[in-house]
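Trainee: give the three-dimensional model of this entry:
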Amino acid sequence: MHLRKQRILVLPQLIDPTLKLQAVFTVLVVILADELQRNVQLLKMRHHVFHVST
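Mentor: Numbering: from 1, shown residues only. I've put the predicted structure just below:
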């Protein structure tokens with residue numbers, strides 16, 4: 001049991017090949033969510049700028 005736990009730390013892809021894909025997918029989701037939030041905030045700011053200028 002102890003040797004199996006050590007192998008997971010050293011070579012996790014051999015134990016579960018999808019670990020790397022899960023990590024990449026999670027990073028992509030976080031980046032896309034951050035970009036979407038930034039775009040929404042920028043759109044709100046532009047909306048306020050148009051109201052101030054009129």
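
Trainee: contact partners for Leu9?
Mentor: Going by C-beta atoms under 8 Å, 6 or more residues apart in numbering, Leu9 touches no other residue. Quick note: C-beta positions are derived from backbone N, CA and C, even for glycine.

Trainee: name the helix or strand for it, please.
Mentor: helix 2-10 (DSSP states H and E).

Trainee: got a list of contacts for the helix or strand following that helix?
Mentor: Per DSSP H and E, helix 2-10 leads on to helix 12-15 as the next helix or strand towards the C-terminus. Outside helix 12-15, the residues within contact range by C-beta under 8 Å, 6+ apart are 7-8, 19-20.

Trainee: hmm, try it at 10 Å
Mentor: With contact meaning C-beta atoms under 10 Å, 6 or more residues apart in numbering, helix 12-15 is reached by 4-5, 7-9, 19-21, 23.

Trainee: what is the longest helix along the chain packed up against?
Mentor: Longest helix in the chain by number of residues (criterion: DSSP state H): helix 19-53. Judged by 3 or more C-beta pairs under 10 Å, 6 or more residues apart in numbering; DSSP states H and E, helix 19-53 is in contact with helix 12-15.

Trainee: which of the residues in the helix it packs on are buried?
Mentor: Buried residues in helix 12-15, defined by neighbour count with 16 or more other C-beta atoms under 10 Å: none.

Trainee: having no further points to raise, I will conclude here.
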